[in-house]
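Trainee: sequence first, predicted coordinates after that:
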Amino acid sequence: MMAFLSIVVAIVFLGFLIFIHEWSHFIIARKGGVKVPVFSIGFGPAIVKWKRGETEYKIGAFPIGGYVKLHGMEPGEIEGEPDEFYSRPAWIRIMIVLGGPFANLLLGFIIYLGTIGIMGIETPATTLVQPDSSSIFQKFDRIVSVNGEKVEDWFDVQNKFTDTSTVVVIRGGKPETLVAPMEEFLHISPLFPPVVGGIEKDGPAARAGIEKGDSIIEINGKKVQTWDEMRNIILASPGESLKVVWRSGKNGIKTGIVVPEETKTMEGDSTVTVGMIGIMTPNRIRHVGPGLTFKLSWYQFEDTALKIFKVFGMLIKRKVSPRELGGPIAIVYLTGRSLKWGVKNLIYFIAFITINLGIVNLIPIPPLDGAHALLGFIEMITRRKPGERSLKILENIGFFILIFLFLFITFNDLFRFFTGKMH
């Protein structure tokens, strides 16, 4: 059932993202005086099609992409008519081809903005302190108030600090007052107890019987006092059987075997394989004002874009294998994983995909939008339109690149799926 739901959800949201991309091309082309004979979501034989005005709209049998056919864009169709793509000024053509990628990027930011505005932000549900060596705080200090105001979570701690703050902590069971300058906040981070704040449905921890709110006591006979102690053991044990003891609010002390899933993750400028059991730190939901919502949404958008660029850089430097690239099957799988964590996680995954779609299409290689934009910029500099022979060569190169990437990524997806390495 989950697999079927993942396929349906993936097809629906990918179709929507593709629609936004192609619709932006379409609208700008029409406004720019270029005729659009075909607007298609999906490739292959049309399941549904209709004609309105000069444009035929259709939905293809294979929902893995889409296109708008611009009059006079393809070599062999250029006749010099005023409504042809290459009859329009270079700056208009650049706006047409860049409209799709920028629409996807804008949509990603809007998704973050709407999600944070409506659903709030997650902040660490702890006031315990993890200090560095230069801090006046001590490990396991619990902040109870800042400048006379009670704090309930890390959001409160972060937002109540001033240039010089009076901070009351519980240290060794007794209250103690500290005077902390603003820069002191840079030397502390939240310390999480080993409490399960969220759990992946059907993940390794859930299969062992661990539930949200349970506290991990020990792993393989080693007692754990903090989330980091527990996390380090799990990360270092992909595929190994771990004997876990935990305290359940319902049934007291319980024991079970948990096998962390092998998962690839970025560490510095490379990827490493670590263990994951499908749990997350305890967090609270806080709603913030419009200004902070906008600021946090931009930070989230910027962080996503930088991670995507970082992966591209690692691919170029051969620090990440091209075999890590994924396509439609990987997206369906990751959609299912996102669904197991809840609606908000799925929404953030959709934002990631649309930002990724926008950035990839800006790469200046045929047949991507970035290549057509580059031709426009070159024309603006040289004052010469590209010749049909050059366009034909680029079209052929683009066709072979597209086919190669499709086959390569599909092979990667199938290989990982059938070898159980889709993590």
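Mentor: Arrived safely. Worth saying up front: this structure is predicted, and the values here are computed from it rather than measured.
Trainee: you'd agree residue 56 is in a strand?
Mentor: Yes - assessed by DSSP: H, G, I helix; E, B strand; the rest coil, residue 56 belongs to a strand.
Trainee: can you tell me the element the spatially closest residue to residue 222 that is not a sequence neighbour falls in?
Mentor: Ranked by C-beta to C-beta, 6 or more residues apart in numbering and with sequence neighbours excluded, the top spatial neighbour of residue 222 is residue 233, at 6.9 Å. In this view, the C-beta of every residue, glycine as well, is placed from N, C-alpha and C. Assigned by DSSP states H and E, residue 233 belongs to helix 227-235.
Trainee: what lines up beside the next helix or strand after that helix in the sheet?
Mentor: Per DSSP H and E, helix 227-235 leads on to strand 242-248 as the next helix or strand towards the C-terminus. Next to strand 242-248 in the sheet, as set by DSSP bridges, lie strand 215-219 (antiparallel), strand 252-258 (antiparallel).
Trainee: contacts for whichever helix or strand comes after the longest one next, please.
Mentor: To tie it back to what came earlier, the one meant is strand 252-258. Scanning forward in sequence from strand 252-258 by DSSP H and E, the next helix or strand is strand 261-267. Contacting residues not belonging to strand 261-267 are listed as 203-204, 238-239, 271-278, 307, 310-311, 314, 324, 421, 423 [C-beta atoms under 8 Å, 6 or more residues apart in numbering].
Trainee: switch the cut-off to 6 Å
Mentor: Residues outside strand 261-267 that contact it (C-beta atoms under 6 Å, 6 or more residues apart in numbering): 204, 238-239, 271, 273-274, 276, 423.
Trainee: hey, where'd the strands end up in the stretch 101-250 of the chain?
Mentor: Taking DSSP state E, counting those that start in this stretch, the strands of the stretch 101-250 of the chain run over residues 121-124, 129-131, 142-146, 149-150, 164-171, 174-181, 188-190, 198-199, 215-219, 222-223, 242-248.
Trainee: which one of the ones you listed lies nearest to residue 368?
Mentor: When the strands of the stretch 101-250 of the chain are compared by C-beta to C-beta, strand 121-124 sits nearest residue 368, at 34.5 Å.
Trainee: list the helices and strands the lowest-mean-pLDDT helix or strand in the chain packs on?
Mentor: Here the helix or strand of the chain ranked lowest by mean pLDDT, DSSP states H and E is helix 388-418, holding a mean of 77. Packing partners of helix 388-418 (3 or more C-beta pairs under 6 Å, 6 or more residues apart in numbering; DSSP states H and E): helix 328-341.
Trainee: for the record, mean pLDDT for the helix it packs on?
Mentor: Helix 328-341 shows a mean pLDDT of 80.
Trainee: okay, the angle between it and helix 388-418?
Mentor: 50 degrees (axes from the mean of the first three to the mean of the last three C-alpha atoms, to 10 degrees).
Trainee: next structured bit after helix 328-341?
Mentor: helix 343-361.
Trainee: coming back round to it: can you tell me how far the residue nearest to residue 222 sits from residue 209?
Mentor: According to C-beta to C-beta, to the nearest Å, residue 233 and residue 209 sit 19 Å apart.
Trainee: and those two? which has more neighbours close in?
Mentor: Set residue 233 next to residue 209 and count neighbours by other C-beta atoms under 10 Å: residue 233 wins out with 20 against 15.
Trainee: that one touches residue 219, doesn't it?
Mentor: Yes - with contact defined as C-beta atoms under 6 Å, residue 233 counts as touching residue 219 (5.0 Å).
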